[in-house]
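Peer 1: Give the three-dimensional model of this entry:
(chains A and B)
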Amino acid sequence: MGVDMPLRYSDVTPRRTYMNRRRFLASAPLAAGALAAPFAVRAETKIGNYTKSPFSTDEKPTPYQGVTTYNNYYEFGTGKDEPVKNARNYRTSPWKVSIEGEVGKPKVLDLDAVMKLAPLEERIYRHRCVEGWSFVIPWIGFPLNALLKQVEPTAKAKYVAFQSYYDPKQMISSREARIDFPYLEGLRIDEAMHPLTLISVGLYGEILPPQNGAPLRLTVPWKYGYKSAKSLVKIRLVEKQPPTTWNIAWPEAYGFYSNVNPKVDHPTHSQATEDRLGSGIFGEHIRTRMFNGYDQVASLYAGMDLHKYH
Amino acid sequence: MKKLWLSAWTKVLLSLVGLLPLLNLIWRGFRLDLTVNPIEFITHYTGNWTLRFLLITLAITPLRTIFDQPQLIRFRRMAGLFAFFYGVLHLTTWIWLDKSFDTSEMWEDIVKRRFITVGMLGLLMMAPLAVTSTAGWVRRLGFRRWQFLHRLIYFSAAAGVVHYYWLVKSDIRLPVMYGAILVLLMLYRGGQWVKKKRQRARAPSYVRVAQ
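Peer 2: Next comes the predicted model:
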């Protein structure tokens, strides 16, 4: 191995291996203490080069511990505490993601290629879940449009369909989760090309943990969290509006657009307010803003009835 | 066995056992182990225990006959009161932590969200049962009327299951499991009722008069 060879994605010790080693080393009398919320040391999974972004909010990021232990990742269990446990041995290497469909130059990328595709930026975004809570997360990634431009979308590319990884051997079944797998999401092409729309490969300065959608995921900050599909294996440019998983499961509750909108209720709760988790013991009860406060996307929906197209 | 059931210590011990879920919750609170969304955690936790205690209460009558342990009746009131206790904690969490005493927001939820409407009804129906759970109230109402009133628990438990079923996003396994247990417990009661009716019909008329 050359001395000045750049660090490859696969060279990075997966955090779980690192954590398991620590747990193994912990002696029995200390084990009980270690079980009480082990605050993570995360030196070995750091991402080296990224720049700060003017799109970042100056709101205080949610503690790392919260963002990485409270997850909606139904493939790894429908309870929020399940993905962090069930995804511990999730294999994300080798990985391939295919960009295809209505494009001039389809591509299949491995992770090293993904990490080098465009300069990485840190974007501190608000993350609003449809369930009525929110985080502030420092993502690391690059604009999706950088990737889309490389594959040269044709004139027929009106929508982008995203597909998450699904492996029944590592994940629970659709029957258990009661939503269809593989998980499908979609954006209109102008939404996908918007500079705020990100392909994330990390958070808090390190590579994405499995439960947060390793190794690469979508991040669309003005839409409810479920639009930001995790563990992407396929990005397909298409002419017709693609089917999306939650919309199939419960169309009245989950529209295709799913823009954060305090005026459109979910059948089980109002969306007017949210709990900003991690601030104080019980979180902070705040008003939800239209487009999650990302007013710059409003022009994408000029003239649209956002109640109907929720 | 009979001696064990009739011992005052058993009752004391079981009432402490009924408090264990609460003690566990407080312990987790002290360890800051209520997830990053403690309000949601406490809400789900107390709601789950309300349903569990409702089902335990409803299981006592079948268990008495199936295992021929009539003395188990001594614990039914306690189980029912624990169901109400956890139900009140569940409601308090909602009013205080979730809604911050905002009456207009709460009213909107009760009217607009069917799962909250039915949950609220279920809990309200438990209140008169908790109040009239004493021996004094059985006397005052007369056993027949008291028993009739306390059948409200069937509706309360059904409301609890429906409340849970309506609120989950997709994974209906737990509410369906609670529902299945409730259906079994109710089928048993139906069976007993039919059996009694047949026996009564077969009995000579003087027995019927005596009843």
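
Peer 1: CA only for contacts and neighbour counts going forward, please
Peer 2: Fine.

Peer 1: Which residues in the host helix or strand of B:Phe85 does the neighbour count mark as buried?
Peer 2: Using DSSP states H and E, B:Phe85 sits in helix B:76-92. By 16 or more other C-alpha atoms under 10 Å in any protein chain shown, the buried positions in helix B:76-92 come out as B:76, B:78-91.

Peer 1: Going by distance to A:Asn212, which of those residues wins?
Peer 2: B:His90 (30.4 Å; C-alpha to C-alpha).

Peer 1: Could you double-check that A:Arg123 sits in contact with A:Asp58?
Peer 2: No - assessed by C-alpha atoms under 8 Å, A:Arg123 is found out of contact with A:Asp58, at 10.4 Å.

Peer 1: Tell me which of the two has more neighbours.
Peer 2: A:Arg123 (24 against 10; other C-alpha atoms under 10 Å in any protein chain shown).

Peer 1: From the contact counts, what lies against the host helix or strand of the more buried one?
Peer 2: Using DSSP H and E, A:Arg123 maps to strand A:121-128. Counting contacts by 3 or more C-alpha pairs under 8 Å, 6 or more residues apart in numbering or on different chains; DSSP states H and E, strand A:121-128 packs against strand A:51-52, strand A:133-143.

Peer 1: and the residue of the stretch 1-150 of chain A nearest chain B?
Peer 2: Using C-alpha to the nearest C-alpha, the single residue of the stretch 1-150 of chain A nearest to chain B is A:Gly66, 5.1 Å away.

Peer 1: I'd like the distance between that residue and B:Arg113.
Peer 2: Going from A:Gly66 to B:Arg113 by C-alpha to C-alpha, to the nearest Å gives 29 Å.

Peer 1: Could you check which of those two has the larger neighbour count?
Peer 2: Taking neighbours as other C-alpha under 10 Å, A:Gly66 and B:Arg113 compare with B:Arg113 leading, 18 against 15.

Peer 1: list the buried ones in the helix or strand that contains B:Gln199?
Peer 2: Using DSSP H and E, the element containing B:Gln199 is helix B:173-202. Counting neighbours by 16+ other C-alpha under 10 Å, one finds that the buried residues in helix B:173-202 are B:175, B:178-179, B:182, B:185-186.

Peer 1: what two of these are the furthest from one another?
Peer 2: So, the buried residues of helix B:173-202 by C-alpha to C-alpha: farthest apart are B:Pro175 and B:Met186, at 16.3 Å.

Peer 1: so the one residue sitting closest to the centre of chain B, which of the three states?
Peer 2: When C-alpha atoms, centre = their mean is applied to chain B, the residue found nearest the centroid is B:Leu54 (2.0 Å). Here B:Leu54 is helix, with the state taken from DSSP: H, G, I helix; E, B strand; the rest coil.

Peer 1: Buried residues in the helix or strand in which B:Met120 is found, which are they?
Peer 2: Applying DSSP H and E as the criterion places B:Met120 in helix B:114-131. Of all the residues in helix B:114-131, those buried under the rule 16+ other C-alpha under 10 Å are B:114-123, B:125-126, B:129-130.

Peer 1: What parts of chain B come near chain A?
Peer 2: B:31, B:33, B:35-39, B:97, B:109, B:113-115, B:167, B:170-173 (C-alpha under 8 Å from any C-alpha of the partner chain).

Peer 1: again, 7 Å this time
Peer 2: Residues of chain B lying near chain A by C-alpha under 7 Å from any C-alpha of the partner chain: B:35-39, B:113, B:167, B:170-171.

Peer 1: Can you pull the residues of chain A lying near chain B?
Peer 2: A:66, A:70, A:78, A:176-179, A:267-269, A:277-278, A:282.

Peer 1: contacting residues for the nearest residue to B:Gly47 once chain neighbours are set aside?
Peer 2: Nearest residue to B:Gly47 in three dimensions, chain neighbours excluded: B:His90, at 5.6 Å (C-alpha to C-alpha, 6 or more residues apart in numbering or on different chains). Shown in contact with B:His90 (C-alpha atoms under 7 Å, 6 or more residues apart in numbering or on different chains): B:43, B:46-47.

Peer 1: hmm, which of these are the buried ones?
Peer 2: Of the contacts of B:His90, these count as buried by 16+ other C-alpha under 10 Å: B:43, B:46-47.

Peer 1: Please list the outside residues in contact with stretch B:167-185.
Peer 2: So stretch B:167-185 is contacted by A:78, A:176-179, A:268, B:55, B:58-59, B:115, B:161, B:164-165 (C-alpha under 7 Å, 6+ apart).

Peer 1: Recalculate using a threshold of 6 Å.
Peer 2: A:177-178, B:161, B:164-165 (C-alpha atoms under 6 Å, 6 or more residues apart in numbering or on different chains).

Peer 1: Output those as TSV; include the columns distance to A:Thr154, pLDDT and secondary structure.
Peer 2: Below are the contacts of stretch B:167-185 laid out as TSV (distance: C-alpha to C-alpha, whole Å; pLDDT from 0 to 100; DSSP: H, G, I helix; E, B strand; the rest coil):
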residue	distance to A:Thr154	pLDDT	secondary structure
A:Ala177	36	94	helix
A:Arg178	36	93	coil
B:Val161	52	98	helix
B:Tyr164	48	97	helix
B:Tyr165	46	97	helix
